[in-house]
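Student: heads up, no residue letters with this:
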């Protein structure tokens, strides 16, 4: 008798974004003449950089010619892309990496979800609260999260982020083996400076913990001095895995490309205290359960590192960040408590008068016809907040803010 | 202290294809003037069908225009591709599927590797011997394979395939929960007819087992009456998951697209005997740990179902199958014991005089300068065999056979 992985049954059916979709659908059925603007789901709207389009068109042509056709690529990605990543994303920030430390994939979500494969299910895990749900759900599926009591997982350590601590988590009080960090943060839009990030690296080195560092939004950092990579912190190569994505940097949400850095120096322990290279384990995982990323996609990603590509990417980022600035300014004028949006494409807004995330969601939907994401969907400490994204078209973002101005108190 | 997943440490470092690469490299260094022809790794050589190239070029253009740009697609794939799959791959063979039963992915290797996520690690597993190594290695990683004693995994049931049983496994003597089947078979190149496949479906229904059916090579079936899908067998929707790939069908090894069918009717048990839909679990797994396949790739895959696309695919398959026929004919003339290659792109060749797989590999390399794959790499019962693939260019395949003729005894 085949038995299912019963850990899956602990997961709730109500996924945040499907609940949002349901409520929006109900609204549209009641008010079919109203135009709804979404500042909810974090998907991009601007077309791909021209440099990427040109590179992908050329790559498609190559695949049609027997002399340039490519079959299976290396599971960990083509050197042309890995080399571009190292020399553009890392070397200028003082981080040296060897090609064997960079693994190209079909996106950071896959890698963040699959990374648990190489770690024991008995490790303890710390996550911020609020948090990107994939970190939690993938640990629930593997059994590492334990059991759920009133929305809290028994084996997870929650690091509360709130107004008092400026949405920056404190070091966990009890020892943890694995720590998920995401900066610039989704959903709260805040960043850590070098000193703050160094505390985490130091903690991990002292406690022999592994930091899973999600830097999918690093391209949105505006302030000098904010680290783009955790490896800018000394010692991080001995305790951290870093996830990066072309999704938000270059509009690749529908093209699917990201990468994960697993330094050669990074080891974790066996139960009898031998040290094992996580790079070797991740390589084995990927060679067994993955077959590389589309050649065409990898050529598209490589092109963002050309001079033209860099300029086009900068323009896209500036476009979204001007949305973020517009939104911040309006909320500040209105006297609202708004956070993030300065080095990240997300704003984290306190609901007025302490009303709940979902009530505020409904208000925004019914009164301004604007969709936001209820903060409670990211964890208990998200209650009383909503997330807004800057990824919309400028005209929509501007119109949404005009509507909000009219009724926001 | 973070602990690694120690199941990984049970895996051997010596992966078949890296050992082959090492030996070929050593040969080329000793004999730099000899041209080596590979009939080894199962990668295609013909360019993509023109219909796919045109569709991908158009899709790249769409991604450059704000009015047609696409961001995140559905995790389970676009309806345009799912509908084409159902109406072309299934309906003509009498199999009705709903769109929610088809999950588009970046390839069958990912899905075959990840499917274990939704099943308990305590299930018993049966594999054929020889077998595609991904089935075994992914079960080792999750702990489901148990421990290794002299190359044999304690929790795996091996179903021996040899000359006596025509390389078709017998039903397992003891009860198993999960059964991996691959037809047309990699590496042995054999197929099952409907009566033979029905025995497995009947076994699975009686024993409440789940069949993981890898049909990545179904496009190579030439004989009428051989099932292309396990769902052509009555009852299979209640016991089987089917994996399909565009890799070998349409040359997508470097483009990455496949799909997995998980019927709504398919359930497995909890430990307290409740029934759970595997479709729901796989959907949850994909929504959490995967973010869909490239839009451009999906348009490329859709195009193989157009009239032009179908003809182009047929031509590619015929091209490779004429290689297979050429190889079979030569080996038969030589009086060799050769199997497969009639409904599959793989030939399974008995080594002469009972010499070992690796010795024969070395003979072929040093005497004919032809690379084959040692059968032992696919399992103990592969000893004394080698696998040859038909995916080369015709001129190379033909030249390889001329060389082999000269010295084969």
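Tutor: In hand now; what should we look at? Predicted model, so just to flag it, every value in this text is computed and none were measured.
Student: contacting residues for residue A:366?
Tutor: Neighbour list for residue A:366: residue A:27 [criterion: CB atoms under 8 Å, 6 or more residues apart in numbering or on different chains]. Using the backbone N, CA and C atoms, a C-beta is placed for each residue, glycine as well.
Student: quick one, helices of the stretch 51-200 of chain A?
Tutor: With helices called from DSSP state H, counting those that start in this stretch, the stretch 51-200 of chain A shows them at A:79-85, A:108-114, A:133-142, A:194-207.
Student: and the longest helix along chain A, what does it pack against?
Tutor: As assigned by DSSP state H, the longest helix anywhere in chain A is helix A:307-333. Under the contact criterion of 3 or more CB pairs under 8 Å, 6 or more residues apart in numbering or on different chains; DSSP states H and E, helix A:307-333 touches helix A:50-62, helix A:247-250, strand A:338-340, strand A:346-350, helix A:394-407.
Student: is any residue of the first one near chain B?
Tutor: Yes - with CB under 8 Å from any CB of the partner chain as the threshold, helix A:50-62 lies in contact with chain B, specifically through A:50, A:53, A:56, A:57, A:60, A:61.
Student: now swap in the last one and tell me
Tutor: No - looking at helix A:394-407 against chain B by CB under 8 Å from any CB, there are no contacts, and the closest approach is 11.1 Å.
Student: wait, residue A:175 sits on residue A:204?
Tutor: No - if you go by CB atoms under 8 Å, residue A:175 and residue A:204 don't touch, sitting 11.0 Å apart.
Student: more neighbours: those two, which one.
Tutor: Taking other CB atoms under 10 Å in any protein chain shown, residue A:175 and residue A:204 do not tie; residue A:204 has more neighbours (25 against 14).
Student: skipping adjacent residues, who's closest to the more buried one in space?
Tutor: residue A:239 (3.8 Å; CB to CB, 6 or more residues apart in numbering or on different chains).
Student: verify the stated contact: that neighbour with residue A:207.
Tutor: No - Residue A:239 lies out of contact with residue A:207 (CB under 8 Å); the separation is 9.0 Å.
Student: ok, those two, which is more surrounded?
Tutor: residue A:239 (28 against 17).
Student: could I get the phi/psi values of that one?
Tutor: phi -140, psi 0 (degrees, to the nearest 10).
Student: so what's it up against?
Tutor: Contacts of residue A:239 (CB under 8 Å, 6+ apart): A:201, A:204, A:205, A:209, A:210, A:211, A:266.
Student: between the residues you listed, which is nearest chain B?
Tutor: Set against chain B, the nearest of the contacts of residue A:239 by CB to the nearest CB is residue A:210 (4.3 Å).
Student: check the burial of the closest one by counting its neighbours.
Tutor: If we define neighbours as other CB under 10 Å, then residue A:210 has 28 of them.
Student: residues contacting the nearest residue in space to it that is not next to it in sequence?
Tutor: With CB to CB, 6+ apart as the criterion, residue A:210 has its nearest non-adjacent residue at 4.3 Å, and that residue is residue B:2. Listed by CB under 8 Å, 6+ apart, the contact set of residue B:2 reads A:119, A:120, A:123, A:177, A:178, A:208, A:209, A:210, A:268, A:269.
Student: my read is that the fourth one contacts residue A:121, right?
Tutor: No - because the distance of 11.0 Å does not satisfy CB under 8 Å, residue A:177 is recorded as not touching residue A:121.
Student: the more surrounded of the two?
Tutor: Neighbours of residue A:177 and residue A:121, each counted by other CB under 10 Å, are more numerous for residue A:177; the result is 23 against 17.
Student: residue contacts, the more buried one?
Tutor: Residues counted as contacts of residue A:177 (CB under 8 Å, 6+ apart) are A:119, A:123, A:124, A:125, A:207, A:208, A:209, A:210, B:1, B:2, B:3.
Student: how much space separates it from residue A:208?
Tutor: If you measure residue A:177 against residue A:208 using CB to CB, to the nearest Å, the figure is 8 Å.
Student: same check on residue A:77?
Tutor: According to CB to CB, residue A:77 and residue A:208 sit 29 Å apart.
Student: which non-adjacent residue is nearest the closest residue to chain B within the stretch 251-400 of chain A?
Tutor: Ranked by CB to the nearest CB, the top residue of the stretch 251-400 of chain A for proximity to chain B is residue A:289, at 3.0 Å. Nearest non-adjacent residue to residue A:289, counting by CB to CB, 6+ apart: residue B:113, 3.0 Å away.
Student: up against chain B, what does the stretch 151-300 of chain A have?
Tutor: Checking the stretch 151-300 of chain A against chain B by CB under 8 Å from any CB, the hits are A:177-178, A:207-210, A:251, A:253-256, A:268-271, A:276, A:278, A:281, A:284-285, A:287-297.
Student: what residues are up against the residue nearest the centre of chain A?
Tutor: With distances taken as CA atoms, centre = their mean, residue A:216 lies nearest the centre of chain A, 4.7 Å away. Applying CB under 8 Å, 6+ apart to residue A:216 gives the contacts A:108, A:182, A:186, A:243, A:244, A:245, A:247, A:248, A:258.
Student: next, format those residues as TSV and append distance to residue A:142.
Tutor: Output for the contacts of residue A:216, formatted as TSV (distance: CB to CB, whole Å):
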residue	distance to residue A:142
A:108	18
A:182	19
A:186	22
A:243	17
A:244	23
A:245	22
A:247	24
A:248	27
A:258	21
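Student: okay if I get these as JSON lines plus pLDDT?
Tutor: Shown next, in JSON lines, are those (pLDDT from 0 to 100):
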{"residue": "A:108", "pLDDT": "97"}
{"residue": "A:182", "pLDDT": "98"}
{"residue": "A:186", "pLDDT": "97"}
{"residue": "A:243", "pLDDT": "98"}
{"residue": "A:244", "pLDDT": "98"}
{"residue": "A:245", "pLDDT": "97"}
{"residue": "A:247", "pLDDT": "96"}
{"residue": "A:248", "pLDDT": "94"}
{"residue": "A:258", "pLDDT": "98"}
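Student: nearest to residue B:70 among the residues you listed?
Tutor: Within those, the smallest distance to residue B:70 is 12.6 Å, found for residue A:247 (CB to CB).
Student: quick check: the closest residue to that closest one other than its chain neighbours vs residue A:396, distance?
Tutor: Sequence neighbours aside, residue A:253 is the residue nearest to residue A:247 in space, at 4.5 Å (criterion: CB to CB, 6+ apart). Distance of residue A:253 to residue A:396, given as CB to CB: 17 Å.
Student: just send the helices and strands packed on helix A:307-333 back as JSON lines, with mean neighbour count too.
Tutor: Putting the helices and strands packed on helix A:307-333 into JSON lines (neighbours: other CB atoms under 10 Å in any protein chain shown) gives the following:
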{"stretch": "helix A:50-62", "mean neighbour count": "21"}
{"stretch": "helix A:247-250", "mean neighbour count": "25"}
{"stretch": "strand A:338-340", "mean neighbour count": "22"}
{"stretch": "strand A:346-350", "mean neighbour count": "24"}
{"stretch": "helix A:394-407", "mean neighbour count": "17"}
